[in-house]
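Novice: Structure for this input, please:
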Amino acid sequence: MPSAYDLYTFYLQPDDLRGHSIAVTIASADVEDVFNPRIKRNEKRLVIGFAGKKKMLPLNKTQAAALIEAAKTDDYSKWPGTQILLTPTAASNGKPTITITPAPASARHGEIEEAQPGE
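Specialist: Sure, this is the predicted structure:
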């Protein structure tokens, strides 16, 4: 079945976590051009994908640093397979963001709000 996910990249937003922390496994980590509305142009960002999930997360500098800690390496080609916890929080400027921490061994994988086919 054709899907908009085949054509477009949809990015994970704090609201997609529905107020809960969820454990995910990184499936991919790549450098991509992502539009920055503040400067009104594309910029290179690390973008991570998750096992069994369609939405991607472009990382800011704080999230990238947290992922370096969680994965224990700054080589992003080695990040796939790393289990992390995504938590919706507020940044120091008060805007919603997603905090990344290492997933505890007891963490269960959660659901990300994603449109279902036909919605």
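
Novice: In terms of helices and strands, where is the residue sitting nearest the centre point of the chain?
Specialist: Centroid-nearest residue in the chain: residue 57, 2.9 Å away (criterion: CA atoms, centre = their mean). For residue 57, the host element (DSSP states H and E) is strand 57-58.

Novice: Could you point out the helix or strand that follows that strand?
Specialist: Past strand 57-58, the next helix or strand by DSSP H and E is helix 61-71.

Novice: what distance separates that following helix from the centre of its chain?
Specialist: Here helix 61-71 shows a centroid-to-chain-centroid distance of 12 Å under the convention CA atoms, centre = their mean, to the nearest Å.

Novice: got it, and stretch 64-83?
Specialist: Between the centre of stretch 64-83 and the centre of its chain there are 12 Å (CA atoms, centre = their mean).

Novice: Just the CA trace of it, in PDB.
Specialist: Extracted in PDB, the C-alpha atoms of stretch 64-83 (Å, rounded to 0.1, in the frame of the first residue of the first chain):
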ATOM      1  CA  ALA A  64      23.400  14.900  20.400                       C
ATOM      2  CA  ALA A  65      25.600  15.300  23.500                       C
ATOM      3  CA  ALA A  66      23.100  13.200  25.500                       C
ATOM      4  CA  LEU A  67      23.200  10.500  22.800                       C
ATOM      5  CA  ILE A  68      27.000  10.500  22.800                       C
ATOM      6  CA  GLU A  69      26.800   9.700  26.600                       C
ATOM      7  CA  ALA A  70      24.100   7.000  26.100                       C
ATOM      8  CA  ALA A  71      25.900   5.300  23.200                       C
ATOM      9  CA  LYS A  72      29.300   5.800  24.800                       C
ATOM     10  CA  THR A  73      30.700   7.000  21.500                       C
ATOM     11  CA  ASP A  74      30.600  10.100  19.300                       C
ATOM     12  CA  ASP A  75      30.800   7.800  16.200                       C
ATOM     13  CA  TYR A  76      27.100   8.100  15.100                       C
ATOM     14  CA  SER A  77      27.500   5.100  12.700                       C
ATOM     15  CA  LYS A  78      27.800   3.000  15.900                       C
ATOM     16  CA  TRP A  79      24.600   4.300  17.500                       C
ATOM     17  CA  PRO A  80      22.100   1.800  15.900                       C
ATOM     18  CA  GLY A  81      21.200  -0.800  18.400                       C
ATOM     19  CA  THR A  82      21.500   1.700  21.300                       C
ATOM     20  CA  GLN A  83      18.500   1.700  23.600                       C
END
